[in-house]
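**Student:** My questions concern the predicted model and sequence given below.
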Amino acid sequence: MVPAPTRRALLLGAGLLGAGATFLRPTFAHAQATSIADLVDQVRPQTLRQHVFGLSAFPTRWTDHPDFPAVEQWVVDAFGADGAEITRQPYAMPSGKTRHNIVVGDPSDPREMVLVGAHFDSISQTPAQDAPGANDNATGIAALLEAQRILAPLNLDRQIVFVAFSGEEQGLLGSRATAEIAAQEAWPLALMLNLDMLGFRPPQPDAPMVIEFDQGNVVPSNDAQARAFGHEAARLAAAHTTLNTTHTDIWASDYMPFEARGFPCIGFYDGGAESAFYHTSSDSPDHVDYQRLEQVTRLVVATLASAGGLT
Ligand SMILES: [Zn+2]
């Protein structure tokens with residue numbers, strides 16, 4: 001939250017200026033003069049690591065599991081650490097269970113919106129087996145939470161809305177529900193950024209991070225905007241991170257329902273579907289590359305800040 005100037009400071013200011021003088025505007029800790037470079041330097045590797053270990057500690061985050069509400073509560077608590085306003089957005093699973101996406105931000109805000117999302121559910125060989133889901137996708141949630149901590153206090157030209165989806169591994173169920181609401185309520189969505197798998201340790205240390213942007217799919221009219229945001233992300237990666245980048249189309253993650261509703265979509269992805277740990281009980285926190293996760297989180301913060309209007 002933005003700290004308010006103290007009453008004492010205001011009174012002191014008034015005394016110094018005297019009657020009839022023009023009051024100076026009080027300055028705030030998070031002045032809008034802040035730069036992308038200042039913001040990316042606020043990414044804390046230790047916090048990312050704590051989030052990955054914290055979320056991976058659940059035996060499973062299979063969305064249909066009876067204990068899944070405890071996972072939802074973990075996400076609510078993590079988002080709410082700084083007193084953020086949180087909405088639990090319900091949707092129905094095919095099993096009949098009610099599950100929730102966790103939303104931070106106000107979709108009725110008249111400003112244009114940048115939505116950043118990551119799924120917090122996980123999967124392994126069978127629902128009965130452990131599914132720590134460290135890289136897929138505790139890493140995406142860790143980056144999402146860190147971006148929220150750094151960016152939510154700022155009042156940018158575009159509002160940033162943060163969403164943690166569930167039901168991704170059962171067919172993008174949570175993101176379908178949010179995309180439907182976004183279309184029905186005509187959210188002024190300038191960009192949807194999806195984070196799904198960010199900390200795979202590649203066989204080659206300089207293997208690129210994949211910047212995915214929409215190149216067709218259901219709606220052709222949003223492609224040019226997605227491409228422009230994708231190219232801007234590549235430029236920001238070169239300026240603010242040590243990552244090499246490449247690009248592909250978007251595929252098989254939570255941006256797809258938003259693309260189908262016409263919204264411009266990009267994503268960040270680490271190539272981890274090639275890993276032997278992918279969708280198994282071995283997707284554990286000790287296999288995550290935390291340096292890579294730190295660098296791509298810097299890219300997440302830079303991309304959101306740029307889309308929000310900062311330079
Ligand atoms: Zn995933």
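**Tutor:** Happy to help now that I have it. Everything numeric here is computed off the predicted structure, so don't read it as measured data.
**Student:** which bits of this structure sit near the ion?
**Tutor:** D136, N137, D196 (C-beta under 5 Å from the ion). Every C-beta, even on glycine, is put in place using the N, C-alpha and C of the backbone.
**Student:** ok, now which ones touch the last one?
**Tutor:** Under the criterion of C-beta atoms under 8 Å, 6 or more residues apart in numbering, the neighbours of D196 are A118, H119, D136, N137, G140, E168, S253, D254, G267, Y269.
**Student:** Tell me the secondary structure at the first one.
**Tutor:** Secondary structure, DSSP: H, G, I helix; E, B strand; the rest coil: A118 is strand.
**Student:** Run through the residues that contact it.
**Tutor:** With C-beta under 8 Å, 6+ apart, A118 has these contacts: N137, G140, I141, A143, L144, A164, F165, N194, L195, D196, D254.
**Student:** Can you name the residue of the stretch 151-300 of the chain nearest the ion?
**Tutor:** D196 (4.2 Å; C-beta to the ion).
**Student:** Can you check the pLDDT for the residue nearest to that residue when sequence neighbours are not counted?
**Tutor:** Of all residues not flanking D196 in the chain, S253 sits nearest, at 4.3 Å (C-beta to C-beta, 6 or more residues apart in numbering). With respect to pLDDT, S253 scores 95.
**Student:** Kindly provide the distance from the residue nearest to R201 when sequence neighbours are not counted to G80.
**Tutor:** Distances taken as C-beta to C-beta, 6+ apart place D289 nearest to R201, at 3.7 Å, with adjacent residues excluded. D289 sits 29 Å away from G80, going by C-beta to C-beta, to the nearest Å.
**Student:** Between those two, which has more neighbouring residues?
**Tutor:** For D289 and G80, the more surrounded residue by other C-beta atoms under 10 Å is D289, and the numbers stand at 19 against 13.
**Student:** Which pLDDT value belongs to the more buried one?
**Tutor:** 97.
**Student:** residues contacting it?
**Tutor:** Per C-beta under 8 Å, 6+ apart, neighbours of D289: G199, F200, R201, P202.
**Student:** By neighbour count, which of those residues wins?
**Tutor:** Ranking the contacts of D289 using other C-beta under 10 Å puts G199 first, with 30 neighbours.
**Student:** wait, isn't that one in contact with V52?
**Tutor:** Yes: if you go by C-beta atoms under 8 Å, G199 and V52 touch, sitting 7.2 Å apart.
**Student:** between these two, what contacts are shared?
**Tutor:** A134, T139, V288, Y290, L293.
**Student:** for the chain, which spans come out with low pLDDT?
**Tutor:** Across the chain, the ranges flagged by pLDDT under 70 are 1-33.
**Student:** From the recorded domain assignment, give the ranges for it.
**Tutor:** Under the assignment automatic domain parsing, the domains of the chain span 1-31, 33-307.
**Student:** Helix or strand: which one has the closest residue to G54 other than its chain neighbours?
**Tutor:** Counting by C-beta to C-beta, 6+ apart, W74 is the residue found nearest to G54 once chain neighbours are left out, at 7.0 Å. Here W74, judged by DSSP states H and E, is contained in helix 68-79.
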